[in-house]
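> I'd like to go over a predicted model; first the sequence, then the structure.
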Amino acid sequence: MKKERLRGVNLGGWFSQVDCIQEKDPVGFPGVIQHIRTFLDTSDFKRIREAGFNHVRLPVDYFNLFETDDASKPKAEEFSLLDKALKEIQAADLDVILDLHKCPGHDFHLGCSTEQAFFADPAARKKTCDIWAYMAERYSNEPRVMMELLNEPAGSDSRIWDKVKDEIFWAIRKHAPKNTIVVGSNKWNSAKEFEFLTPMDDDNAIYSFHTYTPVTFTHQGAAWIQDPFFHMERPWPGDYAAPTGDAETRLNVEFGKWDKARLQASIQNALDFRAKYDLPVSCNEFGVYVQVPRQYQIAWMRDFLDILREADVGFSYWNYKNLDFGLVSKGESLHESLPQYNNPERLDRELMDMLAKG
């Protein structure tokens, strides 16, 4: 299955991680419904398409769309807004990856510190399959809508995720026989974990990895990470000292010498998977925290985009607006004075142009 190389951006913070948006601007936050109505609109989709991108990845948190973790209780107004969003995005000539960002029993962020119940609880997985059955049937007649099983599964055993992903995949396929399905690897969609990923018996799937490697560089200074090891300046490329004491995260804390060659080697398992099975792979999240010194941020981005281009791997950049990685930053007081946003649109034009060129 040969398709046009994916080149797009994530629309995180719209139907997902709304709490993070509220935390940054609690006074100005208008409530979930009004936030969804106003956070993005057709002018954003037009900008994305005119820049040269061909798709967006649209994350959704299940609790923003359902009254509880019961798929029989969808929220009518929220789903009408999602219907509208999908139609307007496609009207702008963009494909959409509809990504289940959080599901019953699984939160990728909490997975950084604790094992998620989802992997051991058949009831949570059944609820997730039911949620997907509802959404898959609702959007099965939208050929430009792709459906992504789950964002960044954080199981301790990738062999378990390899079995679990089959449950969700076939729950979607039963109700959406023609839509492309996106299958991610375990441990926050790590390319390394493709070693344990088996392909589906289905020729309409894309296999996804994420890259924030090394996280000690890309997340340096991140306000939501308390570990002092992350709060020291690191250049790119660079040689990073090992942490001391006990680790405070389940994430892989990479250290040592890092450069373009090692970054390229870090995605090799995903490329080997593609070669072995002749199946498409895509990097559907990557980026560098916007507070990282600008010359290092741009240097890492240039290296990684070169790697993706040379390997003919598609991508979805994280993130289009806000959430500390945004091409656009509005209402984020922490980033108010960053020079890349010093224009009326609060748009990082340099980075957007780099990404649009692919």
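Yes, it's here. Residues are numbered from 1 along each chain as shown.

> could you pull out the strands in the stretch 151-300 of the chain for me?
181-184, 205-211, 238-240, 256-258, 281-286 (DSSP state E, counting those that start in this stretch).

> need the helices for the stretch 201-350 of the chain, in chain order.
Here the stretch 201-350 of the chain has its helices, by DSSP state H, counting those that start in this stretch, at 215-218, 260-265, 268-277, 294-311, 349-356.

> just the ones you listed: most buried one?
When the helices of the stretch 201-350 of the chain are scored by mean count of other Cβ atoms under 10 Å, the highest mean neighbour count falls to helix 215-218 (a mean of 24). Where you see a C-beta, it was placed from the backbone N, CA and C, and this is true even at glycine.

> thinking again about what came up before, nearest to residue 113, of the strands of the stretch 151-300 of the chain?
The stretch from those with the least distance to residue 113 (Cβ to Cβ) is strand 205-211; that distance is 18.3 Å.

> next one: the closest one to chain centre, how far?
In terms of Cα atoms, centre = their mean, to the nearest Å, the centre of strand 205-211 is set 10 Å apart from its chain centre.

> list the helices and strands that strand packs on?
strand 181-184, helix 186-189, helix 268-277, strand 281-286 (3 or more Cβ pairs under 8 Å, 6 or more residues apart in numbering; DSSP states H and E).

> quickly list what the most centrally placed residue in the chain is bridged to.
Note on the chain: the residue nearest the mean C-alpha position is residue 285, at 4.3 Å, using Cα atoms, centre = their mean. Assessed by DSSP bridges, residue 285 has beta-bridge partners residue 210.

> that one reaches residue 323, doesn't it?
No. Residue 285 lies out of contact with residue 323 (Cβ atoms under 8 Å); the separation is 11.1 Å.

> rewinding a little: can you redo the strands of the stretch 151-300 of the chain as TSV with distance to residue 308?
Formatted as TSV, the strands of the stretch 151-300 of the chain follow (distance: least, Cβ to Cβ, whole Å):
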stretch	distance to residue 308
strand 181-184	17
strand 205-211	9
strand 238-240	21
strand 256-258	17
strand 281-286	6
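
> okay, these in JSON lines with mean pLDDT and distance to residue 171 next?
Formatted as JSON lines, the strands of the stretch 151-300 of the chain follow (pLDDT from 0 to 100; distance: least, Cβ to Cβ, whole Å):
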{"stretch": "strand 181-184", "mean pLDDT": "98", "distance to residue 171": "10"}
{"stretch": "strand 205-211", "mean pLDDT": "98", "distance to residue 171": "14"}
{"stretch": "strand 238-240", "mean pLDDT": "96", "distance to residue 171": "42"}
{"stretch": "strand 256-258", "mean pLDDT": "96", "distance to residue 171": "39"}
{"stretch": "strand 281-286", "mean pLDDT": "98", "distance to residue 171": "20"}
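
> okay, how far is it across stretch 141-156, tip to tip?
End-to-end span of stretch 141-156 (Cα to Cα, to the nearest Å): 36 Å.

> buried residues, it. List them.
By 16 or more other Cβ atoms under 10 Å, the buried positions in stretch 141-156 come out as 142, 145, 146, 147, 148, 149, 150, 151, 152, 153, 154, 155.

> need the residues you listed in TSV with pLDDT, can you?
Formatted as TSV, the buried residues of stretch 141-156 follow (pLDDT from 0 to 100):
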residue	pLDDT
142	96
145	98
146	98
147	98
148	98
149	98
150	98
151	97
152	96
153	96
154	92
155	92
